[in-house]
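Asks: A predicted structure for the sequence below; I have some questions about it.
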Amino acid sequence: MGKLFVISGASGVGKSTVLAKVMKSRSDLRFSVSATTRSPRAGETDGQDYYFVTKDKFREMIENNEFLEYDAHMNNFYGTPRQQLEEKLRKGSVILDIEPNGAFHVRQEKADVVLIFIAPPSLEELTNRLRSRGDTTEEQIQVRQARVAWEMEQSKHYDYVVINDSVDTCAQEILKIIAREAD
């Protein structure tokens, strides 16, 4: 049975970019694919980046206890399908990319999970990153900024906090944590 790692951080902090480097560096890691009701972004593939499902299907999955954790934000649902996570854990260590509420639910079910929070170098830099993505409206940026303060406050409940001022440095720090905790 592998070790479970949860990565969280504010929207726009660079989680996906950092995780891509981490995953590329360790072929023994598996990524747990979340289900979501949001529309796919350009370049995203169903079953690889997310399982894209309707809100009705998501609610059905909740009723059937198919999620280890789930959360709603930005008018969409996100959740970790329990069965695919357990299958991946039987093969080795797994990384989840989820919000703080989800991370805390996972810790309730799996006490040995390692929680890692990726923080921005500053709130100003985080806002700049959100604007530069080009897929976020100004209204969405305002909503996300309001959530950032709460997310940053939650970082104190994590086992590790890593600042992402450089993607390479942040990925290396996370790889050191994984080596220390899983190997």
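Replies: Sure, I can see it.
Asks: which SSE is immediately downstream of whichever strand or helix holds K88?
Replies: Applying DSSP states H and E as the criterion places K88 in helix 82-91. As assigned by DSSP H and E, the chain's next helix or strand after helix 82-91 is strand 94-97.
Asks: contacts for that following strand?
Replies: 2-8, 15-16, 19, 22-23, 29-32, 34, 80, 85, 88, 102-103, 106 (CB atoms under 8 Å, 6 or more residues apart in numbering). To be clear about C-beta, it is placed using only N, CA and C from the backbone, and glycine gets the same treatment.
Asks: buried members of these into ChimeraX, please.
Replies: Under the burial definition 16 or more other CB atoms under 10 Å, those of those that qualify are selected in ChimeraX by:
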select :3,4,5,6,7,8,15,19,22,29,30,31,32,34,80,85,88,102,103,106
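Asks: now the angle from the helix or strand containing V6 to helix 82-91?
Replies: Taking DSSP H and E as the definition, V6 sits inside strand 4-9. Strand 4-9 and helix 82-91 are oriented at 120 degrees to each other (axes from the mean of the first three to the mean of the last three CA atoms, to 10 degrees).
Asks: and the next helix-or-strand element following strand 4-9 with strand 4-9, angle?
Replies: For strand 4-9, the following helix or strand on the C-terminal side (DSSP H and E) is helix 15-25. Helix 15-25 and strand 4-9 are oriented at 150 degrees to each other (the same axes, to 10 degrees).
Asks: packing partners of helix 15-25?
Replies: strand 4-9, strand 94-97, helix 167-182 (3 or more CB pairs under 8 Å, 6 or more residues apart in numbering; DSSP states H and E).
Asks: run the last query once more with 10 Å
Replies: For helix 15-25, the packing partners by 3 or more CB pairs under 10 Å, 6 or more residues apart in numbering; DSSP states H and E come out as strand 4-9, strand 30-31, strand 94-97, strand 114-119, helix 167-182.
Asks: quick one: residues in contact with it.
Replies: Under the contact criterion CB atoms under 10 Å, 6 or more residues apart in numbering, helix 15-25 has outside partners 5, 7-9, 14, 29-31, 49, 95, 97-98, 116-118, 129, 162, 164, 166-175, 177-178.
Asks: run me through the strand neighbours of the strand holding V6, direction for each.
Replies: Applying DSSP bridges, strand 4-9 is found paired with strand 94-97 (parallel), strand 114-119 (parallel).
Asks: spit out the contact partners of E66.
Replies: Contact analysis of E66 by CB under 10 Å, 6+ apart lists 35, 58, 60, 79-84.
Asks: actually C170, not the one I typed
Replies: 9, 13-15, 17-19, 21-22, 118-119, 121, 162-164.
Asks: if I look at it, how far off is F31?
Replies: Distance from C170 to F31, counting by CB to CB, to the nearest Å: 17 Å.
Asks: kindly report the same for M23.
Replies: To F31, M23 is 6 Å away according to CB to CB.
Asks: ok, and what's touching the helix or strand of the chain with the lowest mean pLDDT?
Replies: None of the helices or strands of the chain scores lower by mean pLDDT, DSSP states H and E than helix 123-133, at a mean of 72. Contacting residues not belonging to helix 123-133 are listed as 9-14, 17, 41, 119-120, 122, 136, 138, 140-142, 144-145, 148-149, 152, 164-165 [CB under 10 Å, 6+ apart].
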